[in-house]
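[1] What shape does this take:
(one chain, ligands or ions: 1)
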Amino acid sequence: MKANALIRQEVADTDAHNVIIGSNNVMEGNHHEMSHCLPPPADDCPSIEALDKLNIAALVYQCGERITLEGINCSARTLLNHFDTIRTDEPWQWVPDETDCHPVQEWCRDGAATECGQTPRVRWLRFNECGRRMALNLTGCRLKSKGKVARVMLVLQDCTQQIVQHEELRRSQRCISSIINATPMGICVLTENGRFEMVNPAYCRFHGYEEHELIGRPFSMVVPYSSHQYLRRQQHGAMGSRHGHAQHFGECELVARHGQRHTVIVESVRIEGEDGRPRDVVFLVDISERKKLEMALEEKNVRLEYLATHDELTGIRNRRFGISSLEAALEQAERQDLDISVALLDIDHFKRVNDDHGHTVGDQVLQQFAEVLSRQLRASDILVRWGGEEFMLILPGIDVSGAFQALERLRHSLALELFSPSGLQVTFSAGIIDARGMRSNDLVESVDQKLYQAKGRGRDRIVS
Ligand SMILES: Nc1nc2c(ncn2[C@@H]2O[C@H](COP(=O)(O)OP(=O)(O)OP(=O)(O)O)[C@@H](O)[C@H]2O)c(=O)[nH]1
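    Numbers count the residues shown, from 1 in each chain. All right, here's what the predicted structure looks like:
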(Lines give C-alpha, C1' and ligand atoms only; values in the text may rest on other atoms or scores of the structure.)
Protein backbone atom coordinates (compact mmCIF):
# COMPACT_ATOMS: atom_id res chain seq x y z
CA MET A 1 0.00 0.00 0.00
CA LYS A 2 1.42 3.32 -0.98
CA ALA A 3 0.73 6.70 0.57
CA ASN A 4 -0.31 9.64 -1.54
CA ALA A 5 0.06 13.24 -0.63
CA LEU A 6 -0.84 14.24 2.84
CA ILE A 7 -3.82 16.27 3.80
CA ARG A 8 -4.80 18.18 6.83
CA GLN A 9 -8.39 18.29 8.04
CA GLU A 10 -10.08 20.57 10.52
CA VAL A 11 -13.12 18.90 12.05
CA ALA A 12 -16.07 20.93 13.14
CA ASP A 13 -17.41 18.39 15.62
CA THR A 14 -15.93 18.72 19.07
CA ASP A 15 -16.72 15.05 19.74
CA ALA A 16 -13.99 14.01 17.34
CA HIS A 17 -10.34 14.94 17.58
CA ASN A 18 -9.80 18.63 16.93
CA VAL A 19 -7.29 17.81 14.26
CA ILE A 20 -7.70 14.42 12.67
CA ILE A 21 -5.20 13.07 10.23
CA GLY A 22 -6.06 10.86 7.31
CA SER A 23 -4.89 9.82 3.89
CA ASN A 24 -6.24 9.10 0.47
CA ASN A 25 -4.53 5.75 0.23
CA VAL A 26 -5.83 3.19 -2.22
CA MET A 27 -5.94 -0.56 -2.00
CA GLU A 28 -2.93 -2.34 -3.31
CA GLY A 29 -3.50 -3.56 -6.86
CA ASN A 30 -6.27 -1.09 -7.49
CA HIS A 31 -4.06 1.91 -7.21
CA HIS A 32 -3.41 2.45 -10.91
CA GLU A 33 -6.94 1.68 -11.87
CA MET A 34 -8.37 4.10 -9.33
CA SER A 35 -5.75 6.80 -9.19
CA HIS A 36 -6.86 8.51 -12.42
CA CYS A 37 -10.28 9.27 -10.96
CA LEU A 38 -9.12 10.12 -7.48
CA PRO A 39 -9.72 13.63 -6.22
CA PRO A 40 -6.60 15.69 -5.82
CA PRO A 41 -4.52 14.73 -2.78
CA ALA A 42 -5.50 16.21 0.54
CA ASP A 43 -3.46 19.00 2.03
CA ASP A 44 -0.54 18.25 4.39
CA CYS A 45 -1.82 15.23 6.33
CA PRO A 46 0.09 12.05 7.27
CA SER A 47 -0.89 8.73 5.71
CA ILE A 48 -3.21 6.26 7.41
CA GLU A 49 -0.15 3.97 7.73
CA ALA A 50 1.25 6.61 10.02
CA LEU A 51 -1.83 6.09 12.16
CA ASP A 52 -0.84 2.42 12.40
CA LYS A 53 2.13 3.51 14.44
CA LEU A 54 -0.31 4.96 16.93
CA ASN A 55 -2.42 1.80 16.68
CA ILE A 56 -5.33 3.81 15.28
CA ALA A 57 -7.55 1.80 12.92
CA ALA A 58 -8.62 4.03 10.04
CA LEU A 59 -10.45 3.76 6.71
CA VAL A 60 -10.69 6.44 4.05
CA TYR A 61 -13.70 6.78 1.76
CA GLN A 62 -14.15 8.87 -1.31
CA CYS A 63 -17.29 10.96 -1.10
CA GLY A 64 -19.80 11.65 -3.79
CA GLU A 65 -22.63 9.79 -5.57
CA ARG A 66 -20.77 6.51 -5.42
CA ILE A 67 -18.82 5.93 -2.28
CA THR A 68 -15.67 3.92 -2.64
CA LEU A 69 -13.24 2.62 -0.12
CA GLU A 70 -9.98 4.28 -0.85
CA GLY A 71 -7.78 3.04 1.95
CA ILE A 72 -7.64 0.88 5.03
CA ASN A 73 -4.67 0.63 7.34
CA CYS A 74 -3.25 -2.51 8.99
CA SER A 75 -4.73 -1.68 12.37
CA ALA A 76 -8.20 -1.52 10.80
CA ARG A 77 -7.64 -4.80 8.92
CA THR A 78 -6.49 -6.53 12.09
CA LEU A 79 -9.40 -5.15 14.00
CA LEU A 80 -11.90 -6.23 11.36
CA ASN A 81 -10.20 -9.59 10.76
CA HIS A 82 -10.37 -9.12 6.95
CA PHE A 83 -6.80 -9.37 5.81
CA ASP A 84 -7.38 -10.46 2.25
CA THR A 85 -10.99 -9.87 1.51
CA ILE A 86 -11.45 -6.11 1.77
CA ARG A 87 -12.61 -4.88 -1.62
CA THR A 88 -12.88 -1.30 -2.75
CA ASP A 89 -16.09 -1.84 -4.69
CA GLU A 90 -17.83 -3.21 -1.63
CA PRO A 91 -17.11 -0.38 0.74
CA TRP A 92 -19.37 -1.51 3.60
CA GLN A 93 -18.74 -5.26 3.51
CA TRP A 94 -17.17 -5.16 6.96
CA VAL A 95 -20.33 -3.75 8.46
CA PRO A 96 -22.33 -6.65 9.98
CA ASP A 97 -25.67 -5.10 9.27
CA GLU A 98 -25.60 -2.11 6.99
CA THR A 99 -28.57 -0.47 8.62
CA ASP A 100 -26.44 -0.16 11.76
CA CYS A 101 -24.06 2.00 9.84
CA HIS A 102 -26.70 3.98 8.08
CA PRO A 103 -25.92 7.37 9.65
CA VAL A 104 -22.25 6.99 8.73
CA GLN A 105 -23.02 6.10 5.13
CA GLU A 106 -25.38 9.05 4.90
CA TRP A 107 -22.76 11.26 6.33
CA CYS A 108 -20.14 10.02 3.86
CA ARG A 109 -22.54 10.55 0.96
CA ASP A 110 -23.21 14.10 2.08
CA GLY A 111 -19.56 14.62 2.78
CA ALA A 112 -18.92 16.42 -0.46
CA ALA A 113 -22.02 18.60 -0.22
CA THR A 114 -21.42 20.04 3.20
CA GLU A 115 -18.34 20.27 5.24
CA CYS A 116 -19.92 21.02 8.59
CA GLY A 117 -22.53 19.18 10.55
CA GLN A 118 -22.18 16.59 13.24
CA THR A 119 -19.53 13.96 12.89
CA PRO A 120 -21.37 10.73 13.52
CA ARG A 121 -20.36 8.55 16.41
CA VAL A 122 -21.71 5.09 15.97
CA ARG A 123 -21.26 2.10 18.17
CA TRP A 124 -22.32 -1.36 17.20
CA LEU A 125 -21.63 -4.94 17.96
CA ARG A 126 -20.34 -7.56 15.61
CA PHE A 127 -18.84 -10.99 15.91
CA ASN A 128 -15.28 -11.64 14.91
CA GLU A 129 -14.18 -14.79 13.12
CA CYS A 130 -13.91 -16.72 16.34
CA GLY A 131 -17.53 -15.85 17.05
CA ARG A 132 -16.55 -13.51 19.84
CA ARG A 133 -18.74 -10.49 20.30
CA MET A 134 -16.99 -7.27 19.63
CA ALA A 135 -18.05 -3.66 20.15
CA LEU A 136 -16.71 -0.94 17.88
CA ASN A 137 -16.81 2.79 18.20
CA LEU A 138 -16.81 4.64 14.93
CA THR A 139 -15.87 8.29 14.48
CA GLY A 140 -15.75 10.13 11.20
CA CYS A 141 -14.08 13.25 9.97
CA ARG A 142 -14.05 15.05 6.62
CA LEU A 143 -10.89 15.63 4.69
CA LYS A 144 -10.53 18.63 2.46
CA SER A 145 -8.67 18.69 -0.76
CA LYS A 146 -8.09 22.06 -2.36
CA GLY A 147 -10.61 23.60 -0.05
CA LYS A 148 -13.37 21.07 -0.84
CA VAL A 149 -14.46 17.99 1.05
CA ALA A 150 -13.49 15.00 -1.07
CA ARG A 151 -12.95 12.22 1.40
CA VAL A 152 -14.01 11.05 4.80
CA MET A 153 -11.94 9.14 7.25
CA LEU A 154 -13.47 6.73 9.69
CA VAL A 155 -11.61 5.78 12.83
CA LEU A 156 -12.54 2.50 14.51
CA GLN A 157 -11.97 1.82 18.18
CA ASP A 158 -12.43 -1.52 19.86
CA CYS A 159 -14.58 -0.71 22.85
CA THR A 160 -15.58 -4.29 23.71
CA GLN A 161 -13.91 -4.11 27.10
CA GLN A 162 -15.65 -0.84 27.84
CA ILE A 163 -19.04 -2.22 26.79
CA VAL A 164 -18.56 -5.42 28.75
CA GLN A 165 -17.56 -3.43 31.83
CA HIS A 166 -20.46 -1.06 31.29
CA GLU A 167 -22.89 -3.96 30.93
CA GLU A 168 -21.48 -5.62 34.05
CA LEU A 169 -21.82 -2.37 35.93
CA ARG A 170 -25.41 -1.95 34.72
CA ARG A 171 -26.17 -5.56 35.67
CA SER A 172 -24.73 -5.17 39.15
CA GLN A 173 -26.50 -1.81 39.56
CA ARG A 174 -29.79 -3.47 38.56
CA CYS A 175 -29.08 -6.30 40.97
CA ILE A 176 -28.24 -3.91 43.83
CA SER A 177 -31.31 -1.79 43.20
CA SER A 178 -33.61 -4.84 43.08
CA ILE A 179 -32.12 -6.01 46.39
CA ILE A 180 -32.61 -2.54 47.88
CA ASN A 181 -36.18 -2.45 46.55
CA ALA A 182 -37.03 -5.93 47.79
CA THR A 183 -35.39 -5.82 51.19
CA PRO A 184 -37.78 -5.65 54.15
CA MET A 185 -35.26 -3.36 55.84
CA GLY A 186 -35.94 0.38 55.51
CA ILE A 187 -33.01 2.16 53.85
CA CYS A 188 -32.60 5.86 53.26
CA VAL A 189 -29.75 8.12 52.26
CA LEU A 190 -29.45 11.50 53.96
CA THR A 191 -27.53 14.53 52.78
CA GLU A 192 -25.12 16.21 55.16
CA ASN A 193 -27.98 18.59 56.07
CA GLY A 194 -30.03 15.62 57.17
CA ARG A 195 -32.45 15.61 54.22
CA PHE A 196 -33.77 12.55 52.43
CA GLU A 197 -31.97 11.91 49.17
CA MET A 198 -33.07 8.33 48.59
CA VAL A 199 -35.63 6.07 50.24
CA ASN A 200 -36.41 2.43 49.45
CA PRO A 201 -39.99 1.02 49.30
CA ALA A 202 -39.68 -0.61 52.75
CA TYR A 203 -38.74 2.76 54.20
CA CYS A 204 -41.79 4.42 52.55
CA ARG A 205 -44.10 1.63 53.72
CA PHE A 206 -42.72 1.88 57.21
CA HIS A 207 -43.53 5.59 57.51
CA GLY A 208 -46.67 5.52 55.33
CA TYR A 209 -45.31 8.13 52.90
CA GLU A 210 -44.82 8.09 49.13
CA GLU A 211 -41.23 8.43 47.94
CA HIS A 212 -41.82 11.96 46.56
CA GLU A 213 -43.24 13.07 49.91
CA LEU A 214 -39.95 12.29 51.62
CA ILE A 215 -37.27 13.25 49.09
CA GLY A 216 -35.74 16.62 49.95
CA ARG A 217 -37.48 16.83 53.32
CA PRO A 218 -35.63 16.71 56.65
CA PHE A 219 -35.15 13.42 58.46
CA SER A 220 -36.32 15.19 61.63
CA MET A 221 -39.91 14.96 60.28
CA VAL A 222 -39.95 11.28 61.31
CA VAL A 223 -38.22 11.82 64.65
CA PRO A 224 -40.32 12.58 67.76
CA TYR A 225 -39.92 16.21 68.85
CA SER A 226 -38.46 15.11 72.19
CA SER A 227 -35.54 13.48 70.33
CA HIS A 228 -34.70 16.42 68.03
CA GLN A 229 -31.92 17.65 70.24
CA TYR A 230 -30.44 14.17 70.42
CA LEU A 231 -30.64 13.91 66.63
CA ARG A 232 -28.83 17.25 66.21
CA ARG A 233 -26.08 16.06 68.54
CA GLN A 234 -25.76 12.86 66.52
CA GLN A 235 -25.50 14.80 63.25
CA HIS A 236 -23.05 17.25 64.73
CA GLY A 237 -20.94 14.43 66.16
CA ALA A 238 -20.91 12.68 62.76
CA MET A 239 -19.45 15.71 60.93
CA GLY A 240 -15.83 14.78 61.24
CA SER A 241 -16.23 11.02 61.13
CA ARG A 242 -14.63 8.78 58.57
CA HIS A 243 -16.38 7.28 55.55
CA GLY A 244 -17.69 3.77 55.95
CA HIS A 245 -17.64 4.28 59.70
CA ALA A 246 -20.76 3.23 61.63
CA GLN A 247 -22.21 6.39 63.18
CA HIS A 248 -24.94 5.18 65.36
CA PHE A 249 -26.42 1.90 66.32
CA GLY A 250 -29.28 1.47 68.66
CA GLU A 251 -32.93 1.34 69.45
CA CYS A 252 -35.04 4.46 69.06
CA GLU A 253 -38.54 5.65 68.29
CA LEU A 254 -39.67 7.11 64.97
CA VAL A 255 -43.02 8.64 64.06
CA ALA A 256 -45.03 7.45 61.05
CA ARG A 257 -47.38 9.55 58.91
CA HIS A 258 -50.37 9.52 61.24
CA GLY A 259 -48.35 9.91 64.39
CA GLN A 260 -47.99 6.21 65.15
CA ARG A 261 -44.76 5.53 66.97
CA HIS A 262 -42.53 2.66 65.99
CA THR A 263 -39.63 1.22 67.86
CA VAL A 264 -36.78 0.63 65.45
CA ILE A 265 -33.20 -0.50 65.42
CA VAL A 266 -31.20 2.07 63.51
CA GLU A 267 -27.73 1.83 62.10
CA SER A 268 -26.20 4.56 60.03
CA VAL A 269 -23.01 4.58 58.01
CA ARG A 270 -21.21 7.58 56.55
CA ILE A 271 -20.31 7.34 52.87
CA GLU A 272 -19.04 9.71 50.20
CA GLY A 273 -21.65 10.81 47.67
CA GLU A 274 -21.01 11.11 43.91
CA ASP A 275 -20.34 14.82 44.43
CA GLY A 276 -17.70 14.04 47.04
CA ARG A 277 -19.91 15.34 49.87
CA PRO A 278 -20.71 13.11 52.84
CA ARG A 279 -23.94 11.15 53.05
CA ASP A 280 -25.45 9.02 55.80
CA VAL A 281 -26.97 5.71 54.83
CA VAL A 282 -29.55 4.79 57.44
CA PHE A 283 -30.78 1.21 57.86
CA LEU A 284 -33.74 0.54 60.06
CA VAL A 285 -35.63 -2.51 61.18
CA ASP A 286 -39.07 -2.13 62.71
CA ILE A 287 -39.12 -4.02 66.00
CA SER A 288 -42.42 -2.56 67.29
CA GLU A 289 -44.14 -5.96 67.28
CA ARG A 290 -41.17 -7.63 68.91
CA LYS A 291 -41.06 -4.79 71.43
CA LYS A 292 -44.76 -5.27 72.27
CA LEU A 293 -44.19 -9.01 72.75
CA GLU A 294 -41.12 -8.31 74.87
CA MET A 295 -43.07 -5.90 77.06
CA ALA A 296 -45.96 -8.36 77.42
CA LEU A 297 -43.46 -11.06 78.33
CA GLU A 298 -41.74 -8.76 80.79
CA GLU A 299 -45.07 -7.94 82.42
CA LYS A 300 -45.84 -11.65 82.66
CA ASN A 301 -42.42 -12.31 84.16
CA VAL A 302 -42.92 -9.54 86.70
CA ARG A 303 -46.32 -11.04 87.55
CA LEU A 304 -44.85 -14.54 87.80
CA GLU A 305 -42.01 -13.27 89.95
CA TYR A 306 -44.56 -11.52 92.15
CA LEU A 307 -46.72 -14.64 92.44
CA ALA A 308 -43.68 -16.75 93.24
CA THR A 309 -42.69 -14.53 96.14
CA HIS A 310 -45.92 -12.94 97.36
CA ASP A 311 -49.14 -14.10 98.92
CA GLU A 312 -51.95 -13.26 96.54
CA LEU A 313 -54.57 -12.48 99.19
CA THR A 314 -52.61 -10.18 101.48
CA GLY A 315 -49.84 -8.96 99.13
CA ILE A 316 -47.13 -9.68 101.70
CA ARG A 317 -44.29 -12.20 101.21
CA ASN A 318 -45.29 -15.86 100.95
CA ARG A 319 -43.92 -18.90 102.75
CA ARG A 320 -41.52 -19.82 99.90
CA PHE A 321 -39.92 -16.37 100.05
CA GLY A 322 -40.08 -16.48 103.85
CA ILE A 323 -38.01 -19.66 104.05
CA SER A 324 -35.27 -18.33 101.75
CA SER A 325 -35.29 -14.94 103.53
CA LEU A 326 -35.05 -16.69 106.87
CA GLU A 327 -32.04 -18.71 105.75
CA ALA A 328 -30.34 -15.63 104.32
CA ALA A 329 -31.04 -13.59 107.48
CA LEU A 330 -29.72 -16.40 109.74
CA GLU A 331 -26.56 -16.63 107.66
CA GLN A 332 -25.99 -12.89 107.74
CA ALA A 333 -26.58 -12.70 111.50
CA GLU A 334 -24.05 -15.46 112.05
CA ARG A 335 -21.50 -13.86 109.73
CA GLN A 336 -21.85 -10.46 111.34
CA ASP A 337 -22.49 -11.80 114.84
CA LEU A 338 -25.81 -9.96 115.08
CA ASP A 339 -28.99 -10.60 117.02
CA ILE A 340 -31.92 -12.08 115.17
CA SER A 341 -35.36 -12.95 116.49
CA VAL A 342 -38.17 -14.81 114.85
CA ALA A 343 -41.85 -14.69 115.84
CA LEU A 344 -44.81 -16.81 114.76
CA LEU A 345 -48.23 -15.07 115.04
CA ASP A 346 -51.64 -16.73 114.76
CA ILE A 347 -55.00 -14.95 114.75
CA ASP A 348 -57.13 -16.16 117.64
CA HIS A 349 -60.35 -18.04 116.95
CA PHE A 350 -60.22 -17.20 113.31
CA LYS A 351 -62.46 -20.15 112.48
CA ARG A 352 -65.26 -18.27 114.23
CA VAL A 353 -64.79 -15.28 111.95
CA ASN A 354 -65.29 -17.51 108.95
CA ASP A 355 -68.14 -19.41 110.54
CA ASP A 356 -69.99 -16.34 111.84
CA HIS A 357 -69.36 -13.85 109.01
CA GLY A 358 -68.42 -15.92 106.01
CA HIS A 359 -65.20 -16.62 104.14
CA THR A 360 -65.19 -13.25 102.38
CA VAL A 361 -65.14 -11.37 105.67
CA GLY A 362 -62.45 -13.83 106.83
CA ASP A 363 -60.37 -12.84 103.80
CA GLN A 364 -60.90 -9.15 104.51
CA VAL A 365 -59.74 -9.65 108.09
CA LEU A 366 -56.59 -11.43 106.87
CA GLN A 367 -55.85 -8.60 104.43
CA GLN A 368 -56.38 -5.90 107.05
CA PHE A 369 -54.32 -7.80 109.61
CA ALA A 370 -51.35 -8.00 107.21
CA GLU A 371 -51.76 -4.33 106.32
CA VAL A 372 -51.78 -3.12 109.94
CA LEU A 373 -48.70 -5.21 110.75
CA SER A 374 -46.81 -4.06 107.65
CA ARG A 375 -47.53 -0.41 108.46
CA GLN A 376 -45.95 -0.72 111.87
CA LEU A 377 -42.84 -2.66 111.00
CA ARG A 378 -39.38 -1.38 110.04
CA ALA A 379 -38.04 -1.73 106.54
CA SER A 380 -35.57 -4.39 107.73
CA ASP A 381 -38.34 -6.56 109.27
CA ILE A 382 -39.74 -9.30 107.07
CA LEU A 383 -43.41 -10.20 107.43
CA VAL A 384 -44.47 -13.48 105.84
CA ARG A 385 -47.84 -15.18 105.53
CA TRP A 386 -46.77 -18.56 106.79
CA GLY A 387 -50.08 -20.22 105.99
CA GLY A 388 -53.82 -19.79 106.74
CA GLU A 389 -54.12 -17.29 109.59
CA GLU A 390 -50.47 -17.77 110.64
CA PHE A 391 -47.76 -15.12 110.06
CA MET A 392 -44.00 -15.22 110.57
CA LEU A 393 -42.01 -12.14 111.50
CA ILE A 394 -38.23 -12.16 110.97
CA LEU A 395 -36.52 -9.38 112.92
CA PRO A 396 -32.81 -9.12 111.98
CA GLY A 397 -30.61 -7.21 114.45
CA ILE A 398 -33.28 -7.45 117.22
CA ASP A 399 -32.87 -9.52 120.36
CA VAL A 400 -35.76 -11.36 122.01
CA SER A 401 -36.67 -8.59 124.43
CA GLY A 402 -36.72 -6.03 121.61
CA ALA A 403 -38.86 -8.39 119.57
CA PHE A 404 -41.19 -8.89 122.51
CA GLN A 405 -41.67 -5.11 122.86
CA ALA A 406 -42.30 -4.74 119.14
CA LEU A 407 -44.92 -7.46 119.16
CA GLU A 408 -46.57 -6.00 122.24
CA ARG A 409 -46.89 -2.70 120.41
CA LEU A 410 -48.52 -4.55 117.53
CA ARG A 411 -50.87 -6.35 119.83
CA HIS A 412 -52.00 -3.06 121.39
CA SER A 413 -52.48 -1.28 118.12
CA LEU A 414 -54.54 -4.22 116.80
CA ALA A 415 -56.77 -3.92 119.81
CA LEU A 416 -57.74 -0.44 118.64
CA GLU A 417 -58.48 -1.58 115.10
CA LEU A 418 -61.90 -2.57 113.85
CA PHE A 419 -61.72 -5.28 111.21
CA SER A 420 -63.77 -5.66 108.05
CA PRO A 421 -66.98 -3.73 107.34
CA SER A 422 -68.50 -5.73 110.17
CA GLY A 423 -66.26 -3.90 112.70
CA LEU A 424 -64.76 -7.05 114.26
CA GLN A 425 -62.08 -7.10 116.87
CA VAL A 426 -59.12 -9.39 116.32
CA THR A 427 -56.36 -10.59 118.61
CA PHE A 428 -53.36 -12.78 118.02
CA SER A 429 -51.09 -15.08 119.94
CA ALA A 430 -47.38 -15.28 119.22
CA GLY A 431 -44.22 -17.14 120.12
CA ILE A 432 -40.78 -15.54 119.89
CA ILE A 433 -37.36 -17.15 119.88
CA ASP A 434 -33.76 -16.02 119.75
CA ALA A 435 -32.80 -17.44 116.37
CA ARG A 436 -29.04 -16.87 116.53
CA GLY A 437 -27.09 -19.97 115.54
CA MET A 438 -30.22 -21.98 114.72
CA ARG A 439 -31.05 -23.84 111.56
CA SER A 440 -34.32 -22.87 109.93
CA ASN A 441 -36.03 -26.27 110.44
CA ASP A 442 -35.29 -26.43 114.17
CA LEU A 443 -36.22 -22.80 114.49
CA VAL A 444 -39.70 -23.26 113.03
CA GLU A 445 -40.38 -26.14 115.33
CA SER A 446 -39.29 -24.29 118.44
CA VAL A 447 -41.11 -21.03 117.61
CA ASP A 448 -44.22 -23.09 116.89
CA GLN A 449 -43.97 -24.57 120.39
CA LYS A 450 -43.84 -21.08 121.87
CA LEU A 451 -46.93 -20.12 119.89
CA TYR A 452 -48.65 -23.26 121.10
CA GLN A 453 -47.82 -22.21 124.65
CA ALA A 454 -49.31 -18.76 124.05
CA LYS A 455 -52.51 -20.35 122.77
CA GLY A 456 -52.55 -22.71 125.70
CA ARG A 457 -52.16 -19.87 128.16
CA GLY A 458 -55.38 -18.26 126.96
CA ARG A 459 -54.49 -16.52 123.62
CA ASP A 460 -54.00 -12.74 122.97
CA ARG A 461 -50.49 -13.01 124.37
CA ILE A 462 -46.84 -13.39 123.46
CA VAL A 463 -44.50 -16.10 124.76
CA SER A 464 -40.77 -15.80 124.38
N1 LIG B 1 -61.26 -16.79 105.08
C2 LIG B 1 -60.15 -17.49 105.11
N3 LIG B 1 -60.01 -18.42 106.03
C4 LIG B 1 -58.88 -19.16 106.09
C5 LIG B 1 -57.84 -18.96 105.18
N6 LIG B 1 -56.85 -19.82 105.50
C7 LIG B 1 -57.25 -20.53 106.58
N8 LIG B 1 -58.47 -20.14 106.93
C9 LIG B 1 -59.29 -20.61 107.98
O10 LIG B 1 -58.69 -20.32 109.26
C11 LIG B 1 -59.27 -21.18 110.22
C12 LIG B 1 -58.24 -21.59 111.16
O13 LIG B 1 -58.89 -22.26 112.18
P14 LIG B 1 -58.18 -23.05 113.32
O15 LIG B 1 -56.91 -23.63 112.80
O16 LIG B 1 -59.15 -23.94 113.90
O17 LIG B 1 -57.74 -21.99 114.33
P18 LIG B 1 -58.56 -20.84 115.03
O19 LIG B 1 -59.99 -20.91 114.76
O20 LIG B 1 -57.92 -19.54 114.63
O21 LIG B 1 -58.32 -21.10 116.50
P22 LIG B 1 -56.99 -20.85 117.27
O23 LIG B 1 -55.86 -20.76 116.31
O24 LIG B 1 -56.87 -22.04 118.17
O25 LIG B 1 -57.19 -19.60 118.03
C26 LIG B 1 -59.86 -22.34 109.43
O27 LIG B 1 -61.27 -22.27 109.48
C28 LIG B 1 -59.42 -22.11 108.02
O29 LIG B 1 -60.39 -22.51 107.06
C30 LIG B 1 -58.03 -17.96 104.19
O31 LIG B 1 -57.17 -17.71 103.36
N32 LIG B 1 -59.17 -17.27 104.20
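
[2] so what are the domain limits for this protein?
    Residue ranges for the domains of the chain, per automatic domain parsing: 6-160, 183-289, 308-463.

[3] what about the longest one, how long is it end to end?
    The straight-line separation of the ends of domain 308-463 (Cα to Cα, to the nearest Å) is 32 Å.

[4] What of the shortest one?
    The first and final residues of domain 183-289 sit 18 Å from each other (Cα to Cα).

[5] TSV please, covering the domains of the chain and showing mean neighbour count.
    Every C-beta, even on glycine, is put in place using the N, C-alpha and C of the backbone. Output for these, formatted as TSV (neighbours: other Cβ atoms under 10 Å):
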stretch	mean neighbour count
domain 6-160	17
domain 183-289	15
domain 308-463	17
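
[6] Tell me which of those lies nearest to the ligand.
    Judged by Cβ to the nearest ligand atom, the one of these that comes nearest to the ligand is domain 308-463, at 2.6 Å.

[7] I'd like to know the average pLDDT value across the closest one.
    Domain 308-463 shows a mean pLDDT of 95.

[8] where along the stretch 351-464 of the chain do the helices fall?
    359-376, 400-415, 440-456 (DSSP state H, counting those that start in this stretch).

[9] How about the residues of the stretch 201-350 of the chain by the ligand?
    Residues of the stretch 201-350 of the chain lying near the ligand by Cβ under 6 Å from any ligand atom: 313, 346-350.

[10] want to try TSV for these, with secondary structure as columns?
    Below are these laid out as TSV (DSSP: H, G, I helix; E, B strand; the rest coil):
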residue	secondary structure
L313	coil
D346	strand
I347	strand
D348	coil
H349	coil
F350	helix
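
[11] which of those lies closest to C63?
    Checking those against C63 by Cβ to Cβ gives L313 as the nearest, at 110.4 Å.

[12] Is it possible to get a markdown table of the helices of the stretch 351-464 of the chain that adds distance to the ligand?
    Converted to a markdown table, the helices of the stretch 351-464 of the chain look like this (distance: least, Cβ to the nearest ligand atom, whole Å):
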| stretch | distance to the ligand |
| --- | --- |
| helix 359-376 | 3 |
| helix 400-415 | 14 |
| helix 440-456 | 5 |
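
[13] quick one, which of those helices is nearest to L326?
    Proximity to L326 (Cβ to Cβ) singles out helix 440-456 among the helices of the stretch 351-464 of the chain, at 5.1 Å.

[14] Can you get me the centre-to-centre distance for that closest one and its chain?
    65 Å (Cα atoms, centre = their mean, to the nearest Å).

[15] What of stretch 68-83?
    56 Å.

[16] now stretch 284-296
    That offset, for stretch 284-296, works out to 16 Å (Cα atoms, centre = their mean).

[17] Same check on stretch 220-228?
    The answer for stretch 220-228 is 19 Å, by Cα atoms, centre = their mean.

[18] residues in contact with that stretch?
    For stretch 220-228, contacts defined as Cβ atoms under 8 Å, 6 or more residues apart in numbering pick out 194, 207, 231, 252-256, 261.

[19] run the last query once more with 7 Å
    Stretch 220-228 is touched from outside by 194, 207, 231, 252-255, 261, with contacts defined as Cβ atoms under 7 Å, 6 or more residues apart in numbering.

[20] Compile these into TSV and extend it with columns for pLDDT and secondary structure.
    Listed next are the contacts of stretch 220-228 as TSV, based on pLDDT from 0 to 100; DSSP: H, G, I helix; E, B strand; the rest coil:
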residue	pLDDT	secondary structure
G194	90	coil
H207	91	helix
L231	71	helix
C252	84	strand
E253	86	strand
L254	89	strand
V255	89	strand
R261	89	strand
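
[21] State the pair within those that is farthest apart.
    G194 and R261, at 20.0 Å, using Cβ to Cβ across the contacts of stretch 220-228.

[22] In the chain, which residue is most central in space?
    F283 (2.5 Å; Cα atoms, centre = their mean).

[23] How far does stretch 334-351 stretch from one end to the other?
    End-to-end for stretch 334-351, by Cα to Cα: 39 Å.

[24] And the next helix or strand past the helix or strand where R170 lies?
    According to DSSP states H and E, R170 maps onto helix 160-182. The element immediately downstream of helix 160-182 (helix or strand, assigned by DSSP H and E) is strand 186-190.

[25] For the closest residue to E90 other than its chain neighbours, list each beta-bridge partner.
    Spatial nearest neighbour of E90, chain neighbours left out: L69 (7.8 Å); criterion: Cβ to Cβ, 6 or more residues apart in numbering. Counting by DSSP bridges, L69 forms beta bridges with Y61.

[26] From C63, how far out is L69?
    12 Å (Cβ to Cβ, to the nearest Å).

[27] same thing with E272?
    Taken as Cβ to Cβ, the span from E272 to C63 is 50 Å.

[28] again, but for A370
    Distance, A370 to C63, by Cβ to Cβ: 113 Å.

[29] Let me see the contact set for the nearest residue to K455 once chain neighbours are set aside.
    Excluding the flanking residues, the one nearest K455 by Cβ to Cβ, 6+ apart is S429, at 5.0 Å. Taking Cβ under 7 Å, 6+ apart, we find S429 in contact with 346, 348, 451, 454-455, 459-461.

[30] Same check on Q449?
    G431.

[31] what do you get for I187?
    I187 makes contacts with 180, 200, 203, 281, 283, as judged by Cβ under 7 Å, 6+ apart.

[32] Take the residues you listed and keep only those in strands.
    Using DSSP state E, 281, 283 are the members of those that sit in strands.
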